[in-house]
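Participant: I would like the atomic coordinates for the input below:
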Amino acid sequence: MYKNILVGFDDSQYSKAALIEAANWIKRHGGKLILAHAVFFDTEEFGIAPEQLDKRLKIGEKVCIQTKEMLTSEFGIEVQSLLCHGEPPAVIVDIAREKKADLIMLGTYGRRGLNRLLMGSVTSQVVVHSPVDVLIVKKPCTECTGEYKSILVPFDGSPSAQKALERACHLSKIDNAEIKILYVIPRYEEMVEFFKSSSIKTSLFQEAQKIIDTAKGIASKLGAPARDEIQEGNAAEKIMEASKKLKNGLVVMGSYGYTGINKAIMGSTAERVIMTASCPVLVVR
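Facilitator: Numbering: from 1, shown residues only. Here you go, the predicted structure:
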């Protein structure tokens, strides 16, 4: 399925977790791992000390060599390491295009407040601009097996959600994983002056069931039977509740092709899930 996996690596524990996850996947299913280490040098900040760039590049080169040797010896897989100068999100996306990667993996963890905004930036920008699927790994290295036994798929009936469901079905057949499809009925009354009578509530649930039936039809056609659930409320909150309840190993979500200001501020259900999920999140392009 994924045969050319690019991992953004900054030598942090979180990016090491992504590397281990990717290495285990490739060891079990074949493929090639590309390790990308970006060295960013702010000319305004370090303009008076240009030698800092060479110093950082030498450190980066050493990190790449050591990490490649570790992956090759411990996992016996093909690894290519790339040391690049530039802002990490742009470097990762450019390499993904140049090397024709079919998956980008990044390590991160839940953040709050200012740290959330700062993080941001690398994971969110890669998700928004990536030409391929992005897997955000959110667990310790010791738990990174590259295997998924339980998959949660938030589904709203959109083309991107259908694509995410199809990807989840293919993944489930690889690891014999269980799939749970979740549809969340929005709280329209919180967004507009919306009076929800019993008849309207019935209509909303009937529509929800149609959407779920569509999802189950897709899963069945792909040979991956799925369980389903309908909830009502805030989509991100309900997704997190379901994920916590199921203790699932992966959330698979669609991407909506962000444009304009949304490219800079993802600010969506997907972003909230990425930020707060306790398990890896696969954003399907």
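Participant: where exactly do the strands run in this protein?
Facilitator: Under the criterion DSSP state E, strands of the chain are mapped to 4-8, 32-39, 78-85, 103-107, 133-137, 150-154, 178-185, 226-232, 250-254, 281-284.
Participant: how about JSON lines for the ones you listed, with distance to Ala22 added?
Facilitator: To be clear about C-beta, it is placed using only N, CA and C from the backbone, and glycine gets the same treatment. Listed next are the strands of the chain as JSON lines, based on distance: least, Cβ to Cβ, whole Å:
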{"stretch": "strand 4-8", "distance to Ala22": "5"}
{"stretch": "strand 32-39", "distance to Ala22": "5"}
{"stretch": "strand 78-85", "distance to Ala22": "10"}
{"stretch": "strand 103-107", "distance to Ala22": "5"}
{"stretch": "strand 133-137", "distance to Ala22": "8"}
{"stretch": "strand 150-154", "distance to Ala22": "18"}
{"stretch": "strand 178-185", "distance to Ala22": "22"}
{"stretch": "strand 226-232", "distance to Ala22": "26"}
{"stretch": "strand 250-254", "distance to Ala22": "14"}
{"stretch": "strand 281-284", "distance to Ala22": "13"}
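Participant: quick one: which of the ones you listed is nearest Ile59?
Facilitator: Closest of the strands of the chain to Ile59 is strand 32-39, at 8.2 Å (criterion: Cβ to Cβ).
Participant: okay, now the sheet partners of that closest one, with direction.
Facilitator: Sheet pairing of strand 32-39 (DSSP bridges) gives strand 4-8 (parallel), strand 78-85 (parallel).
Participant: could you list the low-pLDDT ranges of this structure?
Facilitator: 45-48, 109-120, 188-196, 256-268 (pLDDT under 70).
Participant: looking at it, Pro89 is touching Val127, isn't it?
Facilitator: No - Pro89 is beyond contact range of Val127, at 9.4 Å (criterion: Cβ atoms under 8 Å).
Participant: out of the strands of the chain, which comes closest to Cys169?
Facilitator: Here strand 178-185 is closest among the strands of the chain (Cβ to Cβ), at 6.9 Å.
Participant: so what's the gap between stretch 139-156 and the chain middle?
Facilitator: In terms of Cα atoms, centre = their mean, to the nearest Å, the centre of stretch 139-156 is set 10 Å apart from its chain centre.
Participant: hmm, I typed the wrong one, I wanted stretch 15-31.
Facilitator: 15 Å.
Participant: mind listing what's buried along that stretch?
Facilitator: 15-27, 31 (16 or more other Cβ atoms under 10 Å).
Participant: dump those to CSV, plus distance to Lys247.
Facilitator: Below are those laid out as CSV (distance: Cβ to Cβ, whole Å):
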residue, distance to Lys247
Ser15, 25
Lys16, 24
Ala17, 18
Ala18, 21
Leu19, 24
Ile20, 21
Glu21, 18
Ala22, 23
Ala23, 24
Asn24, 20
Trp25, 21
Ile26, 26
Lys27, 25
Gly31, 28
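Participant: quick check: closest non-adjacent residue to Phe75.
Facilitator: In this structure, Phe75 finds its nearest non-sequential neighbour in Ala23, 4.4 Å apart by Cβ to Cβ, 6 or more residues apart in numbering.
Participant: ok, now Ser160?
Facilitator: Of all residues not flanking Ser160 in the chain, Gly254 sits nearest, at 3.1 Å (Cβ to Cβ, 6+ apart).
Participant: quick one: residues contacting that neighbour.
Facilitator: 158-164, 283-284 (Cβ atoms under 8 Å, 6 or more residues apart in numbering).
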